Structures are given as structure tokens and as C-alpha cells.
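Engineer: coords please:
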Amino acid sequence: MEVWLPIVYGYLFIFFARVIDMSLDVLRILMLMRDRRLSAAIIGFFEVSVFVLALNEVLKGGLNDPGKIIAYAGGFATGNYIGSLIEERLAMGYLSIQIFPPLNLVNHFTELFRNEGFGVTCVTGCGRDGERMILFVLIKRKDLKKALNIINNTCPEAFFNVSDAKRIQGGIFPVKKGK
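Structural biologist: Reported below is the predicted structural model:
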């Protein structure tokens, strides 16, 4: 039993090192997308340090141990998953929602969003079936669920899209209510 212990520890080290380095990779990319270059550089330093340690462990004794390959690949996959969960939890940055509601619900949608403290800009557009109103709502990522609930509870069949807003200036955002 004691002979297997170092081997198992090696596999676990490889797996968890890859989980850590891939989670850091996801966060580093997020920081780059948000123009936080210094944070990205610092995260990248630790990411690559952990990566080199994991790769070194895999390459010890050659590549003829399938357990090391499985631990490496499993850590890679798990790290991507965990990194995405962390990114979702952090909810950094802003999103832009464009909503194309039925004409009879434009005022209702506008009122609902504004009552929640969101800024709404209405623009007239022309679609296949004629004139349409497009509502532009810029939100903090952490408010996405709230905004989607407004849309889905008001008109589940309304067409909308959500896109990342890299940089913003000004605007109206909900203010935290007093405790």
C-alpha cells in the first residue's frame, strides 16, 4: 500500500495544480477583457508558475504513465469548469441588453425597468414587419438575473439579446437601497 501512496499523491498534485492553473487562466482572460492589465499580469504569473510545476510532474519519468495524462486532462477540464463558476460568481463588468418587445408592451417594459432603477433608451427601428421599438438597457453583470426576470415575467416570447459591454461611461444604474 505504501508503494502506491507517492503515485496517488503525484496524480492528485497534477490534477489539482491543473484545476488551479486553469481557473486562474479563466480569471486572467476575464481581467484582460475588462482592461485590468496589471491584475491579468499578476494572475498570469501565478498561473504559469503552477502550470510549470504540474507539467514538470507529468514529464517526470516520461509520458508512459496514462494516469498522469488522465490527471492532467481531468484537471484541465475541471479547472475550466470551476473558473467559469468563479467568473459567474464575480459578475464583473457590464452587459447591454437589446429588447424588441411587441409595440403594445414598450411602455410597460420601459416603466418596469425604470422602476427597478435601470436606464432605458428607446429607439425606433424598422424590421421585416415594419416599425419596431428597440429598448437598450445597460446593466451590471450581477443584475442580469433581475433583468431577465423582468423580460420573462412580462413577455416570455419577446426577442432580446445580451452582449458584453467592454467599456462604459455615464449612464443610470440601480443604487443600493439603504439597509
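
Engineer: now for the longest helix along the chain, which elements pack on it?
Structural biologist: The longest helix of the chain (DSSP state H) is helix 5-33. Here helix 5-33 touches helix 37-59, helix 66-90, going by 3 or more Cβ pairs under 8 Å, 6 or more residues apart in numbering; DSSP states H and E. C-betas here are computed from N, CA, C, even on glycine.

Engineer: now do the buried residues in the longest strand belonging to the chain.
Structural biologist: If you go by DSSP state E, the chain has its longest strand at strand 130-140. Within strand 130-140, the residues that qualify as buried by neighbour count (16 or more other Cβ atoms under 10 Å) are 132, 133, 134, 135, 137, 138, 139, 140.

Engineer: and what of stretch 86-98?
Structural biologist: So stretch 86-98, judged by 16+ other Cβ under 10 Å, has buried residues 87, 93, 94, 95, 97.

Engineer: which one of those residues is nearest to residue 145?
Structural biologist: residue 95 (11.3 Å; Cβ to Cβ).

Engineer: doesn't that closest one belong to a strand?
Structural biologist: Yes: when DSSP: H, G, I helix; E, B strand; the rest coil is applied, residue 95 is found to be in a strand.

Engineer: ok, residues contacting the longest strand of the chain?
Structural biologist: 91, 93-101, 103, 106, 109-110, 113, 118-126, 147, 165, 168, 171, 173 (Cβ atoms under 8 Å, 6 or more residues apart in numbering).

Engineer: what about it, average pLDDT?
Structural biologist: Averaged over strand 130-140, pLDDT sits at 90.

Engineer: any stretches of the protein with poor pLDDT?
Structural biologist: Applying pLDDT under 70 to the chain flags residues 1, 172-173, 175-179.

Engineer: try 80 this time
Structural biologist: The chain contains residues with pLDDT under 80 at 1-5, 61-62, 91, 166-179.

Engineer: that'll do, ta.
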